[in-house]
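*Asks:* coordinates only, sequence not included:
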């Protein structure tokens, strides 16, 4: 094999490797939106819908009761209170239910928050329909503010019979820097 043949062969191999590297990067980049679509469709990973339910339930299943529990936690940058006024409700599938959540901002500056929901068991995510939720939009909490945030939901009457309890968890994050582009790291507490 001549030197020219070897260089041509190496060039072809390098070209193939570069094409594979670009293809793998493109595939990895496309996986995030693909994963989100799959989670939205199947309720995989307990991911709930980001949009309000447009239909009201047609029937209420009076002979069935499901327990819905609420858990809250503060994510990065949130050091105020965040909790559900009611930690557990018993509802009939199809019954519209209101639960109020509260959040406070003890800092000396305004913050913008975003709450991310998750549901357990994950299969129940496609049967939980929120008609109103603070999690649909970012919430501004002014310095020292305590805010009531309603969430109105119903469980689809088609919720599988083996699901008798579900847990809806919210994590509230401070997204001020991402939204405004300003670094607002002061943690001074209002007294």
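*Replies:* Received it, and whenever you're ready, just let me know what you need. What you see is a predicted model; the values in this text were computed from it and never measured.
*Asks:* how does the chain divide up, domain by domain?
*Replies:* 3-42, 49-180 (automatic domain parsing).
*Asks:* Redo those as CSV? Include mean neighbour count and mean pLDDT.
*Replies:* (Each C-beta comes from the backbone N, C-alpha and C, glycine too.) Listed next are those as CSV, based on neighbours: other CB atoms under 10 Å; pLDDT from 0 to 100:
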stretch, mean neighbour count, mean pLDDT
domain 3-42, 10, 78
domain 49-180, 16, 90
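*Asks:* A strand includes residue 69, no?
*Replies:* Yes - counting by DSSP: H, G, I helix; E, B strand; the rest coil, residue 69 is part of a strand.
*Asks:* hang on, it packs against residue 164?
*Replies:* No - here residue 69 does not reach residue 164: they are 11.6 Å apart, not a contact under CB atoms under 8 Å.
*Asks:* right, and residue 170 touches residue 103 too?
*Replies:* No - using CB under 8 Å, residue 170 is not in contact with residue 103, being 9.9 Å away.
*Asks:* Which neighbours do these two have in common?
*Replies:* Shared contacts of residue 170 and residue 103 (CB atoms under 8 Å, 6 or more residues apart in numbering): residue 82.
*Asks:* Contact partners for the spatially most central residue of the chain?
*Replies:* Relative to the mean C-alpha position of the chain, the nearest C-alpha, by CA atoms, centre = their mean, is the one of residue 116, at 3.3 Å. By CB under 8 Å, 6+ apart, residue 116 lies in contact with 75, 135, 170-173.
*Asks:* repeat that for 7 Å
*Replies:* 170-171, 173 (CB atoms under 7 Å, 6 or more residues apart in numbering).
*Asks:* Can you tell me how far it is from residue 69?
*Replies:* Residue 116 sits 17 Å away from residue 69, going by CB to CB, to the nearest Å.
*Asks:* Break down the chain into its strands, ranges please.
*Replies:* 66-74, 82-84, 88-91, 97-104, 111-120, 128-133, 139-141, 146-155, 165-174 (DSSP state E).
*Asks:* JSON lines for those, including distance to residue 18?
*Replies:* What follows is these, written out as JSON lines (distance: least, CB to CB, whole Å):
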{"stretch": "strand 66-74", "distance to residue 18": "45"}
{"stretch": "strand 82-84", "distance to residue 18": "48"}
{"stretch": "strand 88-91", "distance to residue 18": "57"}
{"stretch": "strand 97-104", "distance to residue 18": "50"}
{"stretch": "strand 111-120", "distance to residue 18": "38"}
{"stretch": "strand 128-133", "distance to residue 18": "46"}
{"stretch": "strand 139-141", "distance to residue 18": "46"}
{"stretch": "strand 146-155", "distance to residue 18": "50"}
{"stretch": "strand 165-174", "distance to residue 18": "39"}
